[in-house]
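Participant: Please find the sequence and the predicted model below.
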Amino acid sequence: MTAVVLAATVGALFAIGTFLLLRRDLIRIVWGLAIISQAANVYLLSMGGIAPATADSVPILAGHGEHVPQTADPLVQALVLTAIVIGFGMTAFALVLSYRVYEEHGTLDVTELGDRE
Amino acid sequence: MTATPVGTESTLVIAPMIAVLVAAVGTLLLGRHSRARAAVSLAGGAGYAIAVAAIDWYIILAPDAPGIATYQVGDWPAPFGITLVADGLSAFMLTMVAILGVASLVFSTRHLPGGEERSYYFPLFHFLALGVTGAFLTGDLFNLFVWFEVMLMASYVFVAYSGGPQHTRAAFWYVSLNLLASAIFLLGVGGIYATTGTLNMADLAQRLAEPAAYGLEPVPVVGLLGLLLSVFAIKAGLVPFQFWIPTAYRAAPPQITALLAGATKKVGIYAIIRLSFTVFAGAEVAVNLPLPLVDVSIAGDSPLPFVGAALFLMASASILLGGIGAVGRDSLEGVFAYSSIGQVGFIAIPVAIAATTTAPGLRKFAIIAALVYALNHTLAKGLLFLAVGTVKSATRTSRFADLGGLASRSPPLAISVFVGSLALVGIPPLSGFFGKFLVFDAAARARAGPVIVLLLVGSLLTIAYATRMWNQSFWGAQTPAVEAATIDSVQVAVLVVLAATIVAVGVGFEPVYEFAEAAAEAALDTEGYVDAVDPQDASELTDSSGGGGGDH
C-alpha cells in the first residue's frame, strides 16, 4: 500500500513539475524545476526499501536500547539530505537569475526572451 | 608493469583537490586585494600542476609504480566511506586538465573580465577546477553526482558572468537544462542503489559480476545505465543534448569557455568510459534488442553493446551536426563551439567501437584512440578559445565581419592559432594527426565501413570551417578594429607555449602513447580496480572489533 502511495506521489510530482516547466512564465519554470528536484528526492528516499510496519519491526517500539531488529536505511536519507541542500542552492541561484533576466529584458515571458542563439 | 600491490593507499591522491581548495578559499578571503589574489591563484595553480605531476610519476609512470592508488576519506573503509581512486585513466585526464587549467589561469590574471573589482572570478575558477578534479578522482557514484554539481554551480555563475541580456538568457537555459539533468542523475543513482545495494564503483563492479552470490536481480541496471548515459551525454554535449553549447560557450568569458570545452566536456566522456568499462562491463546482464527494419540485433552478455549502439548514433549525429553547423557561423566562438560538438563525436566513435567489440585488443586500442583524441582536442580547442580571449580583449569583437588581417597585426598569435587549427584538422607532426590516425585505425580494425566514411566527411568539414575561419579573420586587409588593437604579449606567450605543447606531443608521441595505453589498461582492468579499493563486506566490518571508524 505504501509503495503504491509513494509511487503515485513521485509520479504526480514529476507530472506537475513537467507541466510547470513548459509554461511561459520564467518563475513557473523555476518552480517546475524545484518540484522535479523534490520528486527525485522522494524517489531516492523510497529506494531505501519499504517494509511493513509492525510492533516488532518499528525500532522505537521494539528496541528501547536493546538490540533493534531492523532499522530504516540511513544511507538513502544521507543521500537525500545532500540532494536537498544542493537543490536548495541551485533553486536560490535560479530565482536570482530570473530576477536578473527580468532586469535585463524587462519581461518574464519566455516567448519574448528571444532565440537561444 | 610489475605486480600491483593490493590496496595501495596514498595521500598523494587527494593532493590536487587540497591544492585547489586552499586556493579557492584563499582567494575568497583575499577579496579586495587584487594582487595578492592573483598571486594566491597562481600559487594554487602551480601547486595543482605539481600534485598532478607527482601522481603521474609516483603512481603511474615510474618503473616501480603501483599503477593505482586509493584514498579513503575520513579513514572509513570502502564501501561505507568515500573512496578516491587515482589510476591511469584518472591521471591521464587530470594531466590534460592541469595543462589547460594553468594556461587559462595565467590568461585570467592578465585580463580579468569585468575589471578588477569583480572579486569572485578566482574563487569560482578554483571551485570549477575542484569539481572537475573531484569527478576524475572519485570512486563513488553519488560522490560523482556531488562533484558534478560543484562543477556545474561554478559554471552557471560563469555563463551569467557578464550580466548582459544574452548572458542572463543563456545562463537561464543552461541552468534549467542542468537542473533537469541532475534530477535524472538522481533517478539513476537511486535505481542502482535499490538494485545492487551499493554505490561504491568497485563494490558495484564486484556485485554485478556475481549477482547470484549477493542475491541480486541485476536486469534493471541496463535501463539505469541508459539514464546515466544520457546525463553524461548532456555534459559531453553529444547530440541530441548539444543545443546548450553554442549559447553557453558564447556567453561565458573565453578563458572559461576554454575550460568548459576542454575540461567539463571531458568529465562527461570520462564518466562514460569509467562506468561502461570499469564498472558495468563485467555485469552478468544479457542484452538482446533486435532492430526491426535493419536485419541486425544488438546482443551481448553485458550492457556494453547497448552503450555502444547508443554512442554510435549520438556520435555520428554530433560529427555531422557539428561540422555542418560550424561552416556557417559568423563569429569565432560560434565556429569553435560547433566544432567542439563535432570533435566530441570523434572522441565518442572509438568509445562506441570499444563498447561493441568483444576482442580485448581492439577494445584497448579503441580506448587509447579516444583518449589521445581527447588530449588533442583539449589542447587545440583550449588554445583556440584562449586565442578568442586575446582577440576579444584586444579588438573588443570576435565577429568575422569586424575582423581581418590579424596575421599581419600579430604574427605569434596567428602562428599559434594556425597550429591549433591544424591540430584540429590533423596534420602531421601535430598531436591531431595521431589522434585522427588512431581513430581511423580503430574504425578500420573494426571493419566498420560506414564509420570510416563518416569520419572522412567529418574531417573534410573540419578542414572547411578551419580554412574559412582563418580566411575571414586572419588573412586579408586589416579592419579598423584590428588596426587599433593592443595585443597583450603575456597572453600571446601563453598561446605560443600551448602551440609548442601541441607540437611537442606530436613529435614526442611515444611517451604520450604509453601514458594513454596505461590509462586504457586501467579503464579495462576491473579486477585491479576492485582489488585496489578492496570493498569490505558488512560481516568483515563487525569482525574487526571496534576498529575501522573515523577518528572524529
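Facilitator: That came through fine. Predicted model only: the values in this text are computed from it and were never measured. Numbers count the residues shown, from 1 in each chain, chains lettered A, B, ... in the order given.

Participant: rest of the way, CA atoms for contacts and neighbours
Facilitator: Will do.

Participant: now the helices: where do they sit in the stretch 251-400 of chain B?
Facilitator: Ranges of helices within the stretch 251-400 of chain B are B:254-259, B:265-273, B:304-327, B:332-356, B:360-395, based on DSSP state H, counting those that start in this stretch.

Participant: which helices and strands does the next helix-or-strand element following the longest one pack with?
Facilitator: In the C-terminal direction, the helix or strand that comes right after helix B:360-395 (DSSP states H and E) is helix B:406-409. Helix B:406-409 sits against helix B:411-425, helix B:480-483, with contacts defined as 3 or more Cα pairs under 8 Å, 6 or more residues apart in numbering or on different chains; DSSP states H and E.

Participant: did I read that right, B:Asp56 in a helix?
Facilitator: Yes: assessed with DSSP: H, G, I helix; E, B strand; the rest coil, B:Asp56 lies in a helix.

Participant: Can you tell me the element the residue nearest to it when sequence neighbours are not counted falls in?
Facilitator: Nearest residue to B:Asp56, sequence neighbours excluded (Cα to Cα, 6 or more residues apart in numbering or on different chains): B:Ala91, at 5.9 Å. Using DSSP H and E, B:Ala91 sits in helix B:88-110.

Participant: Tell me the gap between the next helix or strand after that helix and the middle of its chain.
Facilitator: Next helix or strand after helix B:88-110 toward the C-terminus (DSSP H and E): helix B:121-137. Taking Cα atoms, centre = their mean, to the nearest Å, one finds helix B:121-137 lying 13 Å from the centre of the chain it belongs to.

Participant: Stretch A:71-91 too?
Facilitator: So, by Cα atoms, centre = their mean, the centroid of stretch A:71-91 is 10 Å from its chain's centroid.

Participant: Enumerate the positions of the helix or strand encompassing B:Thr195 that are buried.
Facilitator: Taking DSSP H and E as the criterion, B:Thr195 maps to helix B:165-196. Neighbour counts over helix B:165-196 (16 or more other Cα atoms under 10 Å in any protein chain shown) mark B:165-172, B:174-176, B:178-196 as buried.

Participant: which SS class is the spatially most central residue of chain A?
Facilitator: The residue lying closest to the centre of chain A (Cα atoms, centre = their mean) is A:Gln38, at 0.6 Å. Secondary structure, three-state DSSP: A:Gln38 is helix.

Participant: any idea how far it lies from chain B?
Facilitator: To chain B, A:Gln38 is 9 Å away according to Cα to the nearest Cα, to the nearest Å.

Participant: try A:Arg24
Facilitator: For A:Arg24 relative to chain B (Cα to the nearest Cα), the value is 13 Å.

Participant: Just want the phi and psi numbers for that residue.
Facilitator: When read as degrees, to the nearest 10, the backbone of A:Arg24 gives phi -90, psi -20.

Participant: In contact with the residue nearest to it when sequence neighbours are not counted, which residues are there?
Facilitator: Nearest residue to A:Arg24 in three dimensions, chain neighbours excluded: A:Val110, at 5.2 Å (Cα to Cα, 6+ apart). Residues in contact with A:Val110 (Cα atoms under 8 Å, 6 or more residues apart in numbering or on different chains) are A:Arg24, A:Asp25, A:Leu26.

Participant: so B:Lys235 makes contact with B:Thr264?
Facilitator: Yes: B:Lys235 lies in contact with B:Thr264 (Cα atoms under 8 Å); the separation is 7.0 Å.

Participant: Report the contact partners of the residue most central in space within chain B.
Facilitator: Central residue of chain B (Cα atoms, centre = their mean): B:Lys266, 1.2 Å from the mean position. Going by Cα under 8 Å, 6+ apart, B:Lys266 touches B:Met93, B:Ala236, B:Ala374.

Participant: Of those residues, keep whichever come out buried.
Facilitator: Using 16+ other Cα under 10 Å as the burial test, these include B:Met93, B:Ala236, B:Ala374 as buried.

Participant: Skipping adjacent residues, who's closest to the last one in space?
Facilitator: Nearest in space to B:Ala374, with sequence neighbours left out and distances taken as Cα to Cα, 6+ apart, is B:Ile347 at 6.2 Å.

Participant: ok, now which ones touch the one you found?
Facilitator: Contacts of B:Ile347 (Cα under 8 Å, 6+ apart): B:Ala369, B:Ala370, B:Leu371, B:Tyr373, B:Ala374.

Participant: swap the cut-off to 10 Å and go again
Facilitator: Contact partners of B:Ile347, counting by Cα atoms under 10 Å, 6 or more residues apart in numbering or on different chains, are B:266, B:269, B:315, B:319, B:366-367, B:369-375, B:377, B:435-436, B:439.

Participant: again with B:Ile82
Facilitator: If you count contacts by Cα under 10 Å, 6+ apart, then B:Ile82 has B:71-76, B:138-143, B:199-200 around it.

Participant: which helix is the longest one in chain A?
Facilitator: For chain A, the helix with the greatest residue count under DSSP state H is helix A:74-105.

Participant: what's that one packed up against?
Facilitator: Packing contacts for helix A:74-105, counted by 3 or more Cα pairs under 10 Å, 6 or more residues apart in numbering or on different chains; DSSP states H and E, involve helix A:26-46, helix B:141-159, helix B:165-196.

Participant: for the first one, packing partners?
Facilitator: Counting contacts by 3+ Cα pairs under 10 Å, 6+ apart, helix A:26-46 is packed against helix A:2-21, helix A:74-105, helix B:165-196.

Participant: same check, this time on the second one
Facilitator: Of the remaining helices and strands, those touching helix B:141-159 by 3+ Cα pairs under 10 Å, 6+ apart are helix A:74-105, helix B:121-137, helix B:165-196, helix B:201-209, helix B:221-236, helix B:244-251, helix B:254-259, helix B:265-273.

Participant: Deepest in the core, which of those is it.
Facilitator: helix B:254-259 (a mean of 28; mean count of other Cα atoms under 10 Å in any protein chain shown).

Participant: Show me what that one packs onto, helices and strands only.
Facilitator: Where contact means 3+ Cα pairs under 10 Å, 6+ apart, helix B:254-259 is packed against helix B:88-110, helix B:121-137, helix B:141-159, helix B:244-251, helix B:332-356, helix B:360-395.

Participant: measure B:Ala443 to B:Leu455 for me?
Facilitator: Look at B:Ala443 and B:Leu455: by Cα to Cα, to the nearest Å, they are 9 Å apart.

Participant: mind checking how far the residue of the stretch 301-450 of chain B found nearest chain A is from B:Ser119?
Facilitator: Scanning the stretch 301-450 of chain B for the residue nearest chain A gives B:Gly334, at 9.6 Å (criterion: Cα to the nearest Cα). Shown here: B:Gly334 relative to B:Ser119, a distance of 28 Å by Cα to Cα.

Participant: sorry, back to before: closest one to A:Gly49 among the helices and strands packed on helix A:26-46?
Facilitator: A:Gly49 lies closest to helix B:165-196 among the helices and strands packed on helix A:26-46, at 7.4 Å (Cα to Cα).

Participant: circling back: was I right about the residue of the stretch 301-450 of chain B closest to chain A contacting B:Gly323?
Facilitator: No: using Cα atoms under 10 Å, B:Gly334 makes no contact with B:Gly323, being 11.7 Å away.

Participant: So those two - more neighbours on which side?
Facilitator: Legend: neighbour count by other Cα atoms under 10 Å in any protein chain shown for B:Gly334 and B:Gly323, higher for B:Gly323 (27 against 23).

Participant: show me the contacts for residue 79.
Facilitator: Reading this off chain A. A:Asn41, A:Leu44, A:Leu45, B:Phe142, B:Asn143, B:Val146, B:Leu186, B:Val189, B:Gly190.

Participant: you looked at the wrong chain, it should be chain B
Facilitator: Contacts of B:Pro79 (Cα under 10 Å, 6+ apart): B:72, B:139-140, B:198-204, B:533-538.

Participant: I'm done for today, thanks for sticking with me.
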